[in-house]
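Asks: prediction below, plus the sequence it came from.
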Amino acid sequence: MHAQGPAGQDAVASELATVATTGSYEDLTNKPIIPSLTGYATETWVENKGYLINETDPTVPSWAKAANKPSYSYSEITGTPTIPTVPTSLSSFTDDLGTSPTHTHNQYLTAVPNTCVTSTTTGLKIEIVSSMPASPDSNTIYIVQ
């Protein structure tokens with residue numbers, strides 16, 4: 001019998017350790033010593049002792065120690081914050097900047113002509129123009145008025 005040896009050399013079966021041909025754990029040398037579990041607590045032993053079955057801490061309220069915990073709806077709980085209603089339309093908001101939804105996009109863009117916004121993280125620019133340039137830049141978003 002031949003087997004692959006170190007550095008790609010063929011090895012004859014008689015040169016190999018016994019475990020190389022039998023595959024048996026018993027044929028290994030220098031096996032690790034697996035300690036016995038004798039004397040250690042088993043899961044069954046712990047369960048039979050009744051450890052941690054009943055809460056005895058006097059600082060834990062009795063309802064928390066009960067087998068069946070109470071259940072409450074949010075409306076039954078006192079001291080909760082008032083959760084505001086979330087608007088579902090833009091008209092629900094107060095127009096404190098003078099940009100009412102009644103303004104058209106064109107009115108807004110006219111109010112801020114020739115604005116150029118540059119992003120330093122991506123290099124992308126947004127530019128408001130009156131017409132598209134003949135050679136547009138690939139890193140610019142053009143908004144035509």
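Replies: Cool, got the structure.

Asks: and the next helix or strand past the helix or strand hosting Glu47?
Replies: Element membership for Glu47, per DSSP states H and E: helix 43-49. Next helix or strand after helix 43-49 toward the C-terminus (DSSP H and E): helix 62-65.

Asks: name the helices or strands packed onto that next one?
Replies: Packed against helix 62-65 by the contact rule (3 or more C-beta pairs under 8 Å, 6 or more residues apart in numbering; DSSP states H and E) you find no helix or strand. In this view, the C-beta of every residue, glycine as well, is placed from N, C-alpha and C.

Asks: run through who's touching that helix.
Replies: Here helix 62-65 makes contact (C-beta atoms under 8 Å, 6 or more residues apart in numbering) with 54-55, 69-70.

Asks: change it to 6 Å
Replies: With C-beta atoms under 6 Å, 6 or more residues apart in numbering as the test, helix 62-65 has contacts from Glu55.

Asks: give the rounded mean pLDDT of stretch 30-42.
Replies: Stretch 30-42 shows a mean pLDDT of 85 in the predicted model.

Asks: pLDDT below threshold where in this structure?
Replies: Regions of the chain meeting the criterion pLDDT under 70 cover residues 1-11, 13, 52, 90, 93-123.

Asks: apply 80 and report the result again.
Replies: In the predicted model of the chain, residues 1-14, 50-55, 86-125 satisfy pLDDT under 80.
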